[in-house]
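No letters, just coordinates:
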């Protein structure tokens, strides 16, 4: 019969006064998700493009405009290998016209496991000094080695 006493003792702790004070904090900490909703609704809407798709290797870009300056764009690049064999020495390089400033952060790795079972991510920051006059564009150089030992090097033009 001791369990029933414990239940009775916990009821004063969950008094009506504690609930309203606790709820907004729980929302802020991710419990309810109320204030988080506007942020969550914008992230799936990031425009995405797949500028490279060959031998099962794909490069996907999710583009995010800086809310404070439309000239600035952050590209969340994801590199995935859907082919049957892993690839190694995977590197992506970008070249941009003079009116675009480019800053690439280090990639999270250089090996892509087979079958899309993992990916490498990289953040690319672009600043377009001629925003509104000239489009965002770049040239991508994709290098990797197949499991068979073949070195693959491809260059693609990307208009964003």
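Noted; the coordinates are in hand. Just so you know, these numbers come straight off a predicted model, no measurement behind them.

and the residue nearest to residue 119 when sequence neighbours are not counted, what is it in contact with?
Nearest residue to residue 119 in three dimensions, chain neighbours excluded: residue 80, at 4.3 Å (Cβ to Cβ, 6 or more residues apart in numbering). C-betas here are computed from N, CA, C, even on glycine. By Cβ atoms under 8 Å, 6 or more residues apart in numbering, the contact set of residue 80 is 57, 58, 60, 112, 116, 118, 119.

for residue 82, same thing?
Residues near residue 82 by Cβ under 8 Å, 6+ apart: 56, 57, 58, 115, 116.

number of nearby residues for residue 158?
Per other Cβ atoms under 10 Å, the neighbour tally for residue 158 reads 17.

Show me the beta-bridge partners of the residue nearest to residue 119.
When bridges are called by DSSP bridges, residue 80 pairs up with residue 58, residue 119.

thought residue 109 was touching residue 120?
Yes: at 4.6 Å, residue 109 counts as touching residue 120 under the criterion of Cβ atoms under 8 Å.

These two: who's more crowded?
Between residue 109 and residue 120, residue 120 has the larger neighbour count (other Cβ under 10 Å), namely 20 against 14.

Now do the shared contacts for residue 109 and residue 120.
Contact criterion Cβ under 8 Å, 6+ apart; residues shared by residue 109 and residue 120: residue 90.
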